[in-house]
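A.B. asks: Predicted model follows, preceded by the sequence.
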Amino acid sequence: MSRYRPPQRPGSFYITAEGMAALRAELHQLWKIERPQVTNVVHEAAKNGDRSENGDYIYGKRRLREIDSRVRFLTKRLDALEVVELLPSDQGKIYFGAWVTVEDEEGKTQTYRIVGPDEFDLAKNKLSMDSPLARALLGKRIGDDIMFSSPAGERELYIAAVSYKASE
């Protein structure tokens, strides 16, 4: 069995200021707080002698590898990302960072924010700009109908509102 992974297309390199702050906070948490604690646990466990049956040592080393891997990824990714902070001149059109309210055929509305792939979270209605729905929305205006492919099949949505400020 091989560990080969086919190359993946990297996600877009745009991020909101809030997303960049969250990634930097995660990097700080891992590198300055969590890693020293785990290193101390591994050091103390190593003093106990036989490491082959020492759970603290084995799982601590595994956690250190996970932390180091994530820190390497975050460090490289943060260098490559571009923060988008400027508001577009035409705020009736959907661009990166917009809050978009869409309505389906049954009249149900849903509001999404279009963000970068590093900060998307559907539980918080943050939609990656690389997703099929966001790609269909980008560049459209209020009142436009869009068609996009979802796992449930083709869907049609109506754009009800666009804003560049969080809804309160």
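C.D. replies: That came through fine. Residues are numbered from 1 along each chain as shown.

A.B. asks: And the strands in the chain?
C.D. replies: In the chain, the segments counted as strands under DSSP state E are 14-15, 82-83, 99-103, 109-115, 126-128, 145-150, 153-163.

A.B. asks: Can you say which of these is packed in most?
C.D. replies: Compared across these, strand 14-15 shows the largest average neighbour count, a mean of 22 (mean count of other CB atoms under 10 Å). Glycine gets a C-beta too; all of them are placed from N, C-alpha and C.

A.B. asks: hang on, the earlier thing: take the strands of the chain and lay them out in a markdown table including distance to V71.
C.D. replies: What follows is these, written out as a markdown table (distance: least, CB to CB, whole Å):
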| stretch | distance to V71 |
| --- | --- |
| strand 14-15 | 18 |
| strand 82-83 | 20 |
| strand 99-103 | 32 |
| strand 109-115 | 23 |
| strand 126-128 | 23 |
| strand 145-150 | 35 |
| strand 153-163 | 36 |
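
A.B. asks: Could you provide those strands in TSV, with additional columns for distance to A25 and mean pLDDT?
C.D. replies: Below are the strands of the chain laid out as TSV (distance: least, CB to CB, whole Å; pLDDT from 0 to 100):
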stretch	distance to A25	mean pLDDT
strand 14-15	13	94
strand 82-83	15	95
strand 99-103	23	96
strand 109-115	16	95
strand 126-128	16	95
strand 145-150	32	92
strand 153-163	26	94
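
A.B. asks: mind checking which of those is nearest R65?
C.D. replies: strand 14-15 (26.4 Å; CB to CB).
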